[in-house]
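> quick check, what structure comes out for this input:
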Amino acid sequence: MRFVEVYCREKHVLEKSPFTFNKVDVKLIRRKDLVLCRECTKLLRYGLTMRLKCPHDPKPMCKKCATQCYKGQYRSKIREIMKFSGIYLVKRGRLDMLYHYLK
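Next up, the predicted model:
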């Protein structure tokens, strides 16, 4: 959620609204509302749906998983978001993100 939030905040100036997803109470995960544009809302809902359907336990990192859940445009978009947001967060002091990339 954090990566999509960072990407949307920095890249999209479109009209935004609070994120809702009927299978997950976002306020249990986050203490504040998540506000996203329509495109990012659609992508995050798709991602959460795929996460809930994941057959692996424990779930591996998607880039190392043999089962490719994300289809076509979603896969390329989530890669773009992960790359942008990861670099953005590292540049702003989140050095723990480096561990994720080097792993």
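> so which bits of the longest helix along the chain are buried?
Scanning the chain for the helix with the most residues, using DSSP state H, yields helix 72-91. Within helix 72-91, the residues that qualify as buried are 77, 78, 81, 82, 85, 86, 88, 89, counting by 16 or more other Cβ atoms under 10 Å. (Each C-beta comes from the backbone N, C-alpha and C, glycine too.)
> elements contacting that helix?
Contacts defined by 3 or more Cβ pairs under 8 Å, 6 or more residues apart in numbering; DSSP states H and E place helix 72-91 against helix 2-11, helix 38-53, helix 96-102.
> point out the most buried one among the ones you listed.
Sort the helices and strands packed on helix 72-91 by mean neighbour count, taking mean count of other Cβ atoms under 10 Å, and helix 2-11 sits at the top with a mean of 18.
> give me the contact list for that one.
Identification of contacts with helix 2-11 by Cβ atoms under 8 Å, 6 or more residues apart in numbering yields 16, 34, 36-37, 40, 43-44, 47, 80-82, 84-86, 88-89.
> by mean pLDDT, flag the weakest helix or strand of the protein.
When each helix and strand of the chain is scored by mean pLDDT, DSSP states H and E, helix 96-102 comes last, with a mean of 63.
> quick revisit: now, among the buried residues of helix 72-91, which is nearest to residue 12?
Residue 12 lies nearest to residue 81 out of these, by Cβ to Cβ, at 11.1 Å.
> quick one, phi psi at residue 16?
Per-residue torsions, residue 16: phi -120, psi 160 (degrees, to the nearest 10).
> understood, closing this out.
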